[in-house]
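[1] 3D, please:
(2 chains)
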Protein chains: 2
Amino acid sequence: MRSTAENAQLALLLEVSSTPKPGNVDREREYPDLRFEHFVTGAVGAREGLDLAADGRPVGAAFETAIEGMSLQSGGNTQFGAILLLMPLVGAAAADDLTPEGVTALVEDTTVADAAGFYRAFDHVDVAVDDPPADMDDLDVRRGSDAVSTLEDRGLTLADVMERSADVDSLAAEWTSGFPRTFEAADRIASGDGPVTDRAATVYIEMLAAAVDTFVVTQHDRETAEAVRDRAQGVLDGEESVETFAADLVARQINPGTTADLVAGGLFVALERGLEV
Amino acid sequence: MRSTAENAQLALLLEVSSTPKPGNVDREREYPDLRFEHFVTGAVGAREGLDLAADGRPVGAAFETAIEGMSLQSGGNTQFGAILLLMPLVGAAAADDLTPEGVTALVEDTTVADAAGFYRAFDHVDVAVDDPPADMDDLDVRRGSDAVSTLEDRGLTLADVMERSADVDSLAAEWTSGFPRTFEAADRIASGDGPVTDRAATVYIEMLAAAVDTFVVTQHDRETAEAVRDRAQGVLDGEESVETFAADLVARQINPGTTADLVAGGLFVALERGLEV
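    Now for the predicted structure:
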């Protein structure tokens, strides 16, 4: 039987192996400077941090270790969001309570030290984020470890940090609401049939059609993200081929990365629940 | 910096990610029952055994653990040969002597217990092998752990076992001759440019053109293996497209798996020597 850390690493690898996943790197599509091999290498490097999380170590420190390891490749940010989503899920699985309640309990138990680990992770890799509101300058995640003293002064836990982004970032929203979309993705993947990577690709399109991808909002704007959502629905309705959609998003460098992250989380939950590969 | 075990796992993943690799599963080609996702899962499962080898544990036990983990997927044998090739290389790297001499010293130090571990690995997965000579029936690897008492009675080490197959199996030949083709593959990969998976695919074709693939001999016959070797040379000479060659081998289920294993070994050596991804 695979261990929890192995399932988390496998989820990262199966996610990037799933194709077609319009706009994101997959087995058949990559960007000149952000390639499939960078994601594979990122998944190898993340393992040490995933092991720590599976050993019940504090989520912030485990996350920083995972991101430091993930960054040992030349493609830049490959799986920052997916690993952020996985961390409390891995912790909950390690505590034998991989449920919305179990993972919420783990999130609510996070500390200021966990928030510091999260910020320190930004020292290791460039992550595309929006400017913070004017009154949040001191807590811009791009400050990385330089923001730690502010976190400590204000006594902010990692749950507090996520709460502040939950309305603009779907991953933070998962963290603060029991991971509803992640568990739904897991159910959809588990109830599908055929190769796991085909099921994951299907669920990706379904999730992309169901809500705007907040990374596309950050990377481009809300209008672009809404257009992507609507075109994904068009693919499901047979109005556009998924290949055409994928080619266009790659050409315009529109990367619905948050939706891919949710699929990675769903793959992990499904694997923990016995999904066979 | 990546650890030795991480580099070994990464080598398995980069090998299967390299495309086109005519006849073998790669990012763009798979068989209905042996898919890309099975190789990815095999690489995740092999990690525990790779960790043991990197910790300097006996190569036979580490190999059995790696194969047991590799087998936790439904595709069957994915990386048996590649892991067999990697084991002494990982051990030599762990001893800080990843050279033909260092790996030969490790092979020469193998014991009867290592041979037993090698045989026990066959309990976990079906591997395509030839019938042994009539006087070797008791040592048919397909007997798995049932052959262990014979190994012990005859005092055969794993080096002895490899010696007996070196004339018909290129992996055994590597084991008993200082891994010349593996180190050559490493040099070629390291001296190439562009994406690592493109370099590995190129080296695969070059190696396929240089010698018959002994797995194709086992799986089909020598005539088929020689024809594959000559067509690979034809691809290098521009007489046939690599895509046509690949499509034909997949259609005829001709899998030059030993050549792919040598590429995996070469990737590992190159990564240990500082190849950047």
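[2] surely A:Gly42 is in contact with A:Gln79?
    Yes - using C-beta atoms under 8 Å, A:Gly42 is in contact with A:Gln79, at 5.0 Å. Quick note: C-beta positions are derived from backbone N, CA and C, even for glycine.
[3] overlap in contacts, these two.
    A:Leu12, A:Met70 (C-beta atoms under 8 Å, 6 or more residues apart in numbering or on different chains).
[4] tell me the residues of the stretch 1-150 of chain A that contact chain B?
    Counting by C-beta under 8 Å from any C-beta of the partner chain, the stretch 1-150 of chain A comes close to chain B at A:1-2, A:6, A:9-10, A:13-14, A:17, A:27-28, A:35-38, A:40-41, A:43-45, A:47, A:72-74.
[5] restricted to helices, list the residues you listed.
    If you go by DSSP state H, the residues of the stretch 1-150 of chain A next to chain B have A:6, A:9-10, A:13-14, A:17, A:36-38, A:40-41, A:43-45, A:47 in helices.
[6] A:Ala166 and A:Leu275: what is the separation?
    Computed with C-beta to C-beta, to the nearest Å, the distance linking A:Ala166 and A:Leu275 is 28 Å.
[7] so A:Ala105 sits in a strand?
    No - under DSSP: H, G, I helix; E, B strand; the rest coil, A:Ala105 falls outside any strand and is assigned helix.
[8] neighbours around it, how many?
    Neighbours of A:Ala105 under the rule other C-beta atoms under 10 Å in any protein chain shown: 16.
[9] ok, the closest residue to A:Ser165 other than its chain neighbours - contacts?
    Counting by C-beta to C-beta, 6 or more residues apart in numbering or on different chains, A:Ser165 lies nearest to A:Ala172, which is 3.9 Å off, once chain neighbours are set aside. Neighbouring residues of A:Ala172 by C-beta under 8 Å, 6+ apart: A:Met162, A:Glu163, A:Arg164, A:Ser165, A:Ala166.
[10] element containing A:Ala172?
    helix A:170-175 (DSSP states H and E).
[11] how about the CA coordinates for stretch A:13-24, as CSV?
    Output of stretch A:13-24 as CSV, limited to C-alpha atoms (Å, rounded to 0.1, in the frame of the first residue of the first chain):
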residue,chain,number,x,y,z
LEU,A,13,2.6,13.7,-11.1
LEU,A,14,-0.8,12.4,-12.3
GLU,A,15,-2.0,16.0,-12.4
VAL,A,16,0.6,17.1,-14.9
SER,A,17,0.4,13.8,-16.8
SER,A,18,-3.3,14.4,-17.4
THR,A,19,-4.1,15.7,-20.9
PRO,A,20,-5.6,17.7,-22.4
LYS,A,21,-5.7,20.3,-19.7
PRO,A,22,-6.2,23.6,-21.7
GLY,A,23,-3.8,26.4,-20.8
ASN,A,24,-1.6,24.3,-18.4
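[12] gap between that stretch and the chain center?
    Relative to its parent chain, stretch A:13-24 has a centroid offset of 13 Å by C-alpha atoms, centre = their mean, to the nearest Å.
[13] and stretch A:244-252, by the same measure?
    21 Å.
[14] one step back: can you select the buried ones from the ones in helices among the residues of the stretch 1-150 of chain A next to chain B in ChimeraX?
    Burial among those is assessed by 16 or more other C-beta atoms under 10 Å in any protein chain shown; the matching ChimeraX selection reads:
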select /A:6,9,10,13,14,17,36,37,38,40,41,43,44,45,47
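[15] what sits against the closest residue to A:Ile83 other than its chain neighbours?
    Distances taken as C-beta to C-beta, 6+ apart place A:Ala66 nearest to A:Ile83, at 5.0 Å, with adjacent residues excluded. Taking C-beta under 8 Å, 6+ apart, we find A:Ala66 in contact with A:Ala46, A:Glu48, A:Gly49, A:Leu50, A:Leu52, A:Ala53, A:Ile83, A:Met87, A:Ala121.
[16] look up how far B:Met1 lies from the third one.
    Computed with C-beta to C-beta, the distance linking A:Gly49 and B:Met1 is 15 Å.
[17] ditto for the first one
    Relative to B:Met1, A:Ala46 is positioned 15 Å away (C-beta to C-beta).
[18] ok, these two, which is more surrounded?
    Neighbour totals were compared for A:Ala46 and B:Met1, and A:Ala46 leads with 29 against 6 (other C-beta under 10 Å).
[19] these two touch, right, that one and A:Ile83?
    Yes - assessed by C-beta under 8 Å, A:Ala46 is found in contact with A:Ile83 at 5.7 Å.
[20] which neighbours do those two have in common?
    Going by C-beta under 8 Å, 6+ apart, residues that sit against A:Ala46 and also against A:Ile83 are A:Leu12, A:Ala66, A:Ile67, A:Met70.
[21] look at the last one and report its pLDDT.
    So the one you mean is A:Met70. Here the pLDDT value assigned to A:Met70 is 98.
[22] burial of it, as a residue count?
    Using other C-beta under 10 Å: A:Met70 sits among 29 other residues.
[23] hang on, it packs against A:Ala46?
    Yes - in terms of C-beta under 8 Å, A:Met70 counts as a neighbour of A:Ala46; the distance is 4.5 Å.
[24] which residues are common contacts for the two?
    A:Gln79, A:Ile83.
[25] which parts of stretch A:52-61 are buried?
    Neighbour-count burial for stretch A:52-61 [16+ other C-beta under 10 Å]: A:Leu52, A:Ala53, A:Ala54, A:Pro58, A:Val59, A:Gly60, A:Ala61.
[26] whichever of the contacts of A:Ala172 end up buried, select them in ChimeraX.
    Restricted to buried positions by 16+ other C-beta under 10 Å, the ChimeraX selection for the contacts of A:Ala172 reads:
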select /A:162,163,164,165
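[27] return the subset of the contacts of A:Ala172 lying in helices.
    Counting by DSSP H, those contribute A:Met162, A:Glu163, A:Arg164, A:Ser165 to helices.
[28] which residues touch the residue nearest to the spatial centre of chain A?
    Using C-alpha atoms, centre = their mean, the residue of chain A that lies closest to the mean C-alpha position is A:Ala82, 2.3 Å off. Taking C-beta under 8 Å, 6+ apart, we find A:Ala82 in contact with A:Ala11, A:Leu12, A:Glu15, A:Ala260, A:Asp261, A:Ala264, A:Gly265.
[29] max pairwise distance over the residues you listed: which two?
    Maximum pairwise distance among those (C-beta to C-beta): 11.3 Å, between A:Ala11 and A:Ala260.
[30] neighbour count: the two, which is higher?
    Ranked by neighbour count (other C-beta under 10 Å), A:Ala11 and A:Ala260 place A:Ala11 first, with 30 against 27.
[31] out of the contacts of A:Ala172, which is nearest to A:Asp97?
    Nearest to A:Asp97 among the contacts of A:Ala172, with distances taken as C-beta to C-beta, is A:Met162, at 19.4 Å.
[32] contact partners for the closest one?
    When the contact criterion is C-beta under 8 Å, 6+ apart, the partners of A:Met162 are A:Val107, A:Ala172, A:Trp175, A:Thr176.
[33] which of these tops the neighbour count?
    Counting by other C-beta under 10 Å, top hit in those: A:Trp175 with 27 neighbours.
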